[in-house]
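[1] Pasted the sequence and its predicted model underneath.
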Amino acid sequence: MAAEIIYGLNSYFTFRIGSELFAVNIGNVTKILVLQDTTKVPNSPRYFKGIINHFGSVLPVFDGRLKFGFPEAKPTKNTCILVMVVEIEGHPVNTGVIVDSVEKVLIFEPEQIKPAPTIGKGFNNEYIFGIATFQSEFVIILNIDKIFSEEEINLIIAVE
Amino acid sequence: MILFQERFKEEVKEYFERLETGLLLLEQDTENFQAIDEIFRIMHSMKGSGGMFGFDLLSDVTHDLESLYDIFRTKKMPINSEVISFTLNAIDGLHHLLIQEPTEEHHLMAQKMKAETQLLIGKLIPSAEKMNENDRQDNRTTDLKVTTDNQTTYFISFKPDENIFENGTNPLYLIDELNALGECNIQTFFDFLPELSKINPAKCYTSWEMFVATAEELDTLHDVFIFVGEKARIEIEKVSAGNMIHNESILAGFLNSRLNKETWTATEQPTVEENIEDEISTNEEIPESSIEINQAVKGLKINSLPTATVDSIRVDSQKIDQYMNLVSELITAQSRLELVSSEIHHSDLEIVTETLDKIGRQLRENAFEMSLIPLQSIAVRFKRLIHDLSKTLEKKVELVTEGLETELDKNIIEKLVEPLLHIIRNSLDHGIESTAERIAKSKNAVGTITIKASTVGSYVQIEISDDGAGLNPKKIRDKAISKGLISEQDILTENEIINLVFEPGFSTSELVTDVSGRGVGLDVVRRKVQEMRGTIKITSESDRFTMFILKLPLSLSIIDGLLTRVGGYYYVIPSSGIKKIYDVNQQLLKNEFRQVVELEGNQIPYMNMHQEFEQESDLPENQIVVTVSFDNQVFGLVVDEVIREYQAVIKPLGKLLNAQDIFSGASILGNGQLALVLDTNKIIQKYS
């Protein structure tokens, strides 16, 4: 499964983790998979769920709840794996994130996206590309490449 | 056409490689006329086909180079190392000219190369201009001279049936084809030609008799007429060994005896002297057109002569990769079938599954062998590097190779080129001393770099050594301390110290030279080797030698392994490292002080994978120890259960999991789940 990021779109794919509505640029999303058993990789951080067979290649899967600081929860029938393409060391790489539910695709013009507030509570605002509103709810648009940046990979090493 | 051009490009790359090989041979022995001939021929082919496929600049420059080599071929002047170096550089230049839509820059480059070549020719032969004019003439005579040796002259009588045109045969094409095989002397007969009024244009009235001097076998001549079948009378007879086309007395003698129905005995040993003389004197009589065809075709054909390997075909490497992938998929699918079969318990299905398993195994082996290529295939690049560098550094170095026929996966070979070149570069630059220094040390003035390859189990070992200054452990230690790699207090063996050169941020040379100080160090070499699941070590003795030892797996993608279970997950242990499997009781594993288990009287360090990987659950009462070895070290891996032997198609874990170095990848099990593949070497290094 070749990974490719499509740039320059202003559509955003939204999903829910906990009570929050998150969004990533649609150009980064490749697939939505039903939740399946993962093969755990020993000595990994807890938010790294494991690996799955994704059309003959290995797909790393992260637990979105743990990754974004939410408490662990039992999967529901809406829980699924969102497969996204992120850029790591200049190469596009498929990555799976377990989310509570997938919502809809929204269009935000650049001027509708406000910069992330400097005092956020809960998580690091470096990971946030911007905030938009939809039906009077905040939509957190994620900076997906940043979330899986090199520092994060190093985290995996550190736990070893 | 584009396809042909791509083909041609591939071919030219091979030509370049062969040119380099030839030139490096010449470097050692400037009297090697066989090599000169080969070089000339390749240039000739390149010129011809380059023009044909629209690589005009390439063709143009090669033309001049060819003229240059004509000087050496005709022994007008001996070749010297200046010319060899010049030609090697020119080949590098030609790489850039291998394009169809040249820019202004390319034109300039070509002009410059041509000018330089002309200058060199002028230097070698003062009357070069004249020579150039006569270039074509010269080529022709010399071409004949060189190739007469293995030629035979045949007589062919070709009397087509009247109705030969009916099946679409054009006899002239056959004649052309013969002409392509070698030099021809053709006579046309119109004996059967009726009166004009009776001529039927759909019938053939012409017959031919010809002499052909060719290096081809008699069978090849017969093959020309293979499609004519019964539509013609064909006689082929051997006239003489050698090219007798211009020896009229022999030809006449043959025709006479034929006329008188005498048996003709072919002369086996032509008198060379006479032969050449004849050639030159009769040259003018041969129609120009026939020669041109002759030459062009010869140019095209000749490249296959020296290494005529009829039993091998050229396959696009992408196709091999594809094939390997398909075989991998097949094996994955097949293990799934095995699983289904074991659940269904149907005897017929089990038989089919077993057969398929056997075939799959063979197919895998076959595919594996197909993707192996010998190290030899990259040897030219080593030689070239040593040639160029020893000039730049003004050091005399000889390359000795051994076991380069050792085969490795093509993907490994490709990835191996850079690291190996880097090591050689290092040896030349830092290892081998200057000639003066060597003499002062009463060593042989000429340094030696040795590349030795051999297969050791499922690994290939490559040793690259130089007989230079060796490594200085003290210097390395000081350096490592100053770089903060180790602290003053660290106690390291000499061996550990010299292997510090592989650490990132280490570089021994005080001056950054043009040669090896290019910003990449040996750490990059080590990383590249490790990426291929290989290892690299260095040993050295001061003032005697430095040796790099690389160990590489034979293949990257499919391995034989042992499927094991630890807790709820499966792991594959590669069979190559496995020594023995033992049943153990928890009592046996309990050791207060050290993590060792006593097996057959030996104390073996181990890692309990259950403990290590499954912190939550309790240890089962009975476990299994799989002992693996690496580098004389034996290490135990404790698992919960050994399932069975397993052919694992290794899938990379991907960039995000690069840090997980004790696993070399994952393999898809029959049920679609993944099993991690252990890298036993890494585990041993890490845990023992």
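    Right, received. Where do you want to start? Numbers count the residues shown, from 1 in each chain, chains lettered A, B, ... in the order given.

[2] Quick one: mean pLDDT for stretch A:97-105?
    Stretch A:97-105 carries an average pLDDT of 93.

[3] same question, stretch B:258-273
    For stretch B:258-273, mean pLDDT rounds to 61.

[4] Likewise for stretch B:478-492?
    pLDDT averaged over stretch B:478-492 gives 81.

[5] Check the separation of the first and last residues in that stretch.
    12 Å (Cα to Cα, to the nearest Å).

[6] which other residues reach it?
    Stretch B:478-492 is touched from outside by B:477, B:497, B:500, B:503, B:505-506, B:508, with contacts defined as Cβ atoms under 8 Å, 6 or more residues apart in numbering or on different chains. To be clear about C-beta, it is placed using only N, CA and C from the backbone, and glycine gets the same treatment.

[7] how about 6 Å then?
    B:500, B:503, B:505 (Cβ atoms under 6 Å, 6 or more residues apart in numbering or on different chains).

[8] If you count neighbours, what's buried in it?
    B:479-480, B:485-486 (16 or more other Cβ atoms under 10 Å in any protein chain shown).

[9] Mind checking which of those residues are in helices?
    Within those, residues falling in helices by DSSP state H are B:479-480.

[10] From the buried residues of stretch B:478-492, pick the one nearest chain A.
    B:Leu485 (18.9 Å; Cβ to the nearest Cβ).

[11] mind showing which ranges of chain A have poor pLDDT?
    The model of chain A has pLDDT under 70 over residues A:1-3, A:118-125, A:149-160.

[12] Could you rerun that using 90?
    A:1-10, A:18-20, A:36-37, A:40-50, A:53-58, A:64-75, A:86-94, A:108-138, A:140, A:142-160 (pLDDT under 90).

[13] can you give me the helices for it?
    A:64-67, A:144-147, A:150-159.

[14] tell me which parts of chain B are close to chain A?
    B:613, B:651, B:653-657, B:659-660, B:666, B:668, B:672, B:674 (Cβ under 6 Å from any Cβ of the partner chain).

[15] Can you tell me the closest non-neighbouring residue to the residue nearest to the spatial centre of chain B?
    In chain B, the residue lying closest to the centroid (Cα atoms, centre = their mean) is B:Ser377, at 2.6 Å. Nearest residue to B:Ser377, sequence neighbours excluded (Cβ to Cβ, 6 or more residues apart in numbering or on different chains): B:Ile413, at 6.8 Å.

[16] tell me the SS of that neighbour?
    helix (DSSP: H, G, I helix; E, B strand; the rest coil).

[17] count of neighbours near it?
    Residues within reach of B:Ile413, counting by other Cβ atoms under 10 Å in any protein chain shown, total 19.

[18] That one and B:Gly122, how far apart?
    42 Å (Cβ to Cβ, to the nearest Å).

[19] And B:Leu420, by the same measure?
    Counting by Cβ to Cβ - B:Leu420 and B:Gly122 are separated by 40 Å.

[20] who has more neighbours, the two?
    Between B:Leu420 and B:Gly122, counted using other Cβ under 10 Å, B:Leu420 has the larger neighbour count: 24 against 14.

[21] neighbours around A:Leu35, how many?
    Around A:Leu35 there are 16 residues (other Cβ under 10 Å).

[22] so what's it up against?
    A:75, A:79-80.

[23] one more time with 7 Å, if that's ok
    A:Leu35 makes contact with A:75, A:79-81, A:98 under the criterion Cβ atoms under 7 Å, 6 or more residues apart in numbering or on different chains.

[24] I'd like to know which of these are buried.
    A:79-81, A:98.

[25] Which one of those residues is nearest to B:Phe548?
    For the buried ones among the contacts of A:Leu35, the closest approach to B:Phe548 (Cβ to Cβ) belongs to A:Ile81, at 45.0 Å.
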